[in-house]
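> could you look at this predicted model? Sequence included:
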Amino acid sequence: PSRASPREMVLVTAALSLLGAFMPRPHPIHVQQSRSASATEMPRVIASSLSLQFCRLSGTSSPAEWSSRARPMTAMADAVVDADAETFQFEAEVSKVMDIIINSLYSDKDIFLRELISNASDACDKKRFLSLTDESTSAYEGRIRVLADKEANTLTIEDNGVGMSRTELQNNLGRIAQSGTKKFTEALGASNDATNLIGQFGVGFYSAFLVASKVTVVSKSADGPQLRWESSEANSYTISPDTSEAMEGSGTRLILSLKEEADKYVQDFTLRDMLKRYSEFISFPIQVWTEKTEYDTVPDPDAEVNEGEEPPTKSVPRTSNVWETVNVAKPLWMRPPKEVSEEEYEEFYKTTFRAYDKPDAYVHFSLEGQVEFRAMLFLPSTVPWELSQDMFNDKVKPVKLFVKRVFISDSFEEQLLPRWLSFLKGMVDSEDLPLNVSRELLQKSKVLSIISKRLVRKSIDMFNDIAKDAEKFDKFARNFGRYIKVGVIEDKDNKDALLKLATFTSTESGDAGTTLPQYQERMKDGQKAIYYISGASKAAAASSPVLEGLRKKGYEVLVAVDQIDEIALQGIGKFGDYDVVDAAKENVDAGEMSEEEKEKSEAAKKTFEQTCTFIKDTLGDSVDKVEVSSRLTSSPSALVQPQWGMSPQMQRFMKAQAASSGGDMTGMMSGMSANLELNPTHAAVLKVKGMIEDSAAGAEDYARLLYEVAAVSSGYEVQDPAGFAKRVVKLMAGDDEISGEGTSDTATVDSGEGASETPTSENAPIVPEVIEE
């Protein structure tokens with residue numbers, strides 16, 4: 001340290017710090033301390049040990065003494081460093097950067113036409129703005145022309161916009177990421193809204209090299225000469241005077257010498273399709289040089305002419321080349337809704353989304369403020385064919401995204417609209433959307449969230465307007481009711497609003513469905529909850545024995561005939577002041593019982609205690625428990641699910657899902673046994689009770705019959721159909737002592753002279769499967 005310069009001392013200090021960071025343990029002086037130190041204290045421990053090491057090297061007695069000596073040395077070192085500092089600019093290998101821009105920035109080569117047409121539109125927009133501020137010029141009519149030459153394999157895009165001088169050709173085309181449009185906008189001032197300029201990144205022009213081996217730009221500014229900018233493979237470029245066809249006024253002609261594999265871009269159909277897809281709503285007419293065939297009617301010289309008759313004629317084709325405008329559709333969203341007629345909305349819907357139906361409803365709105373955008377949403381009058389095959393078909397693109405009237409993509413629907421609104425058709429035009437440089441990817445941001453929430457809110461408002469017309473709402477519910485229920489399940493923010501629109505079948509609704517508000521209006525006095533039950537059909541669910549008590553009181557019950565219905569109803573929890581409960585679950589509150597009814601129920605439980613125990617022992621794990629029911633009035637027994645059990649309908653759905661994916665639900669279902677409830681006043685139950693008390697033969701088989709009858713009537717599948725059939729046949733034959741053959745692991749079926757044994761599956765699910773009606 002005594003021979004070190006100040007700069008060397010600083011470097012030594014830094015070196016020691018770096019070495020200390022890689023030390024496996026602290027200095028021995030601090031070993032004991034480091035053992036008790038936590039992970040967050042280790043850096044401080046290491047720094048302390050390093051300072052003591054440097055004290056020894058520097059000849060000082062303490063870190064404080066060394067610090068006081070080192071401080072002026074550090075200042076001297078800083079002065080030396082500042083004196084030697086130089087500032088450098090980042091450099092790049094231009095050819096490599098160009099390769100990244102051309103081959104890595106864009107995922108689809110078709111994008112080049114969108115970018116070049118957008119550049120031409122910007123040039124026209126600039127000239128239109130300048131003509132408005134220059135009183136000496138006449139009214140400006142901008143246009144963009146596209147010419148494909150199949151023989152030369154070239155594609156020419158020409159505009160009559162502002163054009164470029166030599167300096168502008170160097171800056172705008174020769175300097176990467178130099179946006180002439182952005183500089184023009186900045187020159188106008190941040191608050192100027194008179195233009196509709198598209199460009200912002202300054203790299204769209206280079207997309208031409210995606211399809212072209214050589215790019216030639218002929219441009220002429222208003223007061224300058226006509227110049228030629230030319231580049232092959234984007235390696236270098238030349239600027240020279242141009243002697244080709246002169247331009248009137250100003251403008252730019254872009255000539256692409258297409259690569260061999262890009263010859264499809266000179267096909268008329270391909271060009272038109274791409275122009276209509278990406279640039280249909282550009283504010284200037286886009287004209288394509290096309291061959292047009294017309295037919296002229298001329299006399300037929302070869303035909304025979306009868307006296308007194310006019311000479312026969314024939315049609316002769318006449319071919320000519322004309323400039324035909326391809327972007328005839330108007331961007332309706334740019335106009336105030338009051339100025340757009342219903343016919344214009346219908347025509348826009350059909351042409352933009354290639355639809356054949358008439359929209360049942362639409363909403364047109366804009367948002368200004370922190371986020372600005374315009375949007376239009378349409379409700380189809382029929383379910384799109386793709387969605388009729390698959391409810392959430394990935395091929396369906398409901399929302400088209402535009403930026404300043406230029407189509408960007410239709411693959412952002414999951415970010416702009418939740419999937420439960422995938423049946424809508426619409427578009428969004430916003431300048432605030434966070435796009436990447438290629439304008440192909442939409443990035444997550446607060447702006448996106450704001451737009452998405454407003455789209456959902458406006459969609460729900462549109463549905464509420466439809467709900468005011470009973471006929472229209474009935475059609476809407478038939479077509480798209482399932483999507484609304486998916487929204488109830490998935491969209492927690494709008495769950496309450498969607499619950500008012502969701503329709504369900506009910507025991508009192510007839511063929512039409514009912515909403516929860518409508519159900520609430522029809523509720524009986526004293527009804528404490530909204531009840532629902534699931535089933536394979538409305539008839540099967542409505543005839544379930546578990547509803548006998550509710551039917552007796554005149555209560556209406558919602559019927560979930562679809563898995564989505566059941567999942568949606570399960571997740572509601574509470575609607576208004578009423579709980580939404582499954583009527584097929586245990587301990588369902590069907591209203592207050594009178595004192596007499598309570599006494600009878602308690603007495604029945606005591607009287608049938610032995611019976612319930614016997615049946616539970618007989619059935620084993622097939623049921624979770626056996627108890628006396630207070631809900632049955634005419635049926636002898638019923639199966640109900642425990643509080644967290646799955647309905648037979650849901651069990652069937654889960655098994656089908658598992659089977660389709662190659663899984664097995666047996667283990668999962670094994671812990672979901674149903675409860676068997678008995679009607680204490682039914683003759684069959686009383687007979688079984690007497691047989692049990694008398695220890696009569698066949699009591700076990702009668703107990704099994706009670707269970708199997710309950711399974712069939714409650715929508716389950718019988719585990720042992722052969723044994724069940726045998727017991728029923730015995731009863732039909734008048735044999736009170738039913739054979740117990742069906743109670744073992746095999747069911748014996750008589751067939752003529754002998755008998756065959758049909759083994760039952762040892763792994764059969766304990767909960768009976770639902771019957772497919």
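Happy to help now that I have it.

> distance between the ends of stretch 400-419?
This stretch, stretch 400-419, spans 15 Å end to end (Cα to Cα, to the nearest Å).

> ok, and for it, which residues are buried?
If you call a residue buried by 16 or more other Cβ atoms under 10 Å, then stretch 400-419 has these buried ones: 400-410, 412-413, 415-419. C-betas here are computed from N, CA, C, even on glycine.

> other SSEs contacting the host helix or strand of Q287?
Per DSSP states H and E, Q287 falls inside strand 286-299. Applying 3 or more Cβ pairs under 8 Å, 6 or more residues apart in numbering; DSSP states H and E, we find strand 286-299 packed against strand 144-149, helix 268-279, strand 313-325.

> what would the ones you listed look like in TSV with mean pLDDT and mean neighbour count?
Shown next, in TSV, are the helices and strands packed on strand 286-299 (pLDDT from 0 to 100; neighbours: other Cβ atoms under 10 Å):
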stretch	mean pLDDT	mean neighbour count
strand 144-149	94	20
helix 268-279	91	17
strand 313-325	87	11
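
> and of these, who's closest to S695?
Closest to S695 of the helices and strands packed on strand 286-299, according to Cβ to Cβ: helix 268-279, at 83.7 Å.

> quick one: contacts of that closest one?
Residues outside helix 268-279 that contact it (Cβ atoms under 8 Å, 6 or more residues apart in numbering) are 110, 113-114, 117-118, 121, 146, 148, 264-265, 286, 288, 290-291, 326-327, 406-407.

> what is the burial count for the closest residue in space to Y532 that isn't next to it in sequence?
Leaving out its chain neighbours, the residue that sits closest to Y532 by Cβ to Cβ, 6 or more residues apart in numbering is L558, at 3.8 Å. As a burial measure, L558 scores 24 neighbours (other Cβ atoms under 10 Å).

> got it, and the one 3 residues further on?
Using other Cβ under 10 Å, V561 has 18 other residues around it.

> could you measure it against M654, distance?
According to Cβ to Cβ, to the nearest Å, V561 and M654 sit 17 Å apart.

> before we move on, back to that, contacts only, for the residue nearest to Y532.
L558 sits in contact with F504, T505, S506, T514, Y519, I530, Y531, Y532, I533, L569, where contact means Cβ under 8 Å, 6+ apart.

> tell me the pLDDT of R128.
Looking at R128, its pLDDT is 87.

> point me to the helix or strand that includes it.
Going by DSSP H and E, R128 is part of helix 111-133.

> dump the C-alpha coordinates for that helix into PDB.
Taking Å, rounded to 0.1, in the frame of the first residue of the first chain, the C-alpha atoms of helix 111-133 are listed here in PDB:
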ATOM      1  CA  ILE A 111     -47.500  -8.300 -44.300                       C
ATOM      2  CA  PHE A 112     -45.300  -6.500 -46.800                       C
ATOM      3  CA  LEU A 113     -48.200  -5.300 -48.800                       C
ATOM      4  CA  ARG A 114     -50.000  -3.800 -45.700                       C
ATOM      5  CA  GLU A 115     -46.800  -1.900 -44.700                       C
ATOM      6  CA  LEU A 116     -46.100  -0.500 -48.200                       C
ATOM      7  CA  ILE A 117     -49.700   0.500 -48.800                       C
ATOM      8  CA  SER A 118     -49.700   2.200 -45.400                       C
ATOM      9  CA  ASN A 119     -46.600   4.100 -46.300                       C
ATOM     10  CA  ALA A 120     -48.300   5.300 -49.600                       C
ATOM     11  CA  SER A 121     -51.300   6.300 -47.600                       C
ATOM     12  CA  ASP A 122     -49.200   8.300 -45.200                       C
ATOM     13  CA  ALA A 123     -47.600  10.100 -48.200                       C
ATOM     14  CA  CYS A 124     -51.000  11.000 -49.600                       C
ATOM     15  CA  ASP A 125     -52.200  12.100 -46.200                       C
ATOM     16  CA  LYS A 126     -49.200  14.400 -45.800                       C
ATOM     17  CA  LYS A 127     -49.900  16.000 -49.200                       C
ATOM     18  CA  ARG A 128     -53.600  16.400 -48.400                       C
ATOM     19  CA  PHE A 129     -52.700  18.200 -45.100                       C
ATOM     20  CA  LEU A 130     -50.200  20.400 -46.800                       C
ATOM     21  CA  SER A 131     -52.700  21.300 -49.600                       C
ATOM     22  CA  LEU A 132     -55.200  22.400 -46.900                       C
ATOM     23  CA  THR A 133     -52.700  24.900 -45.600                       C
END
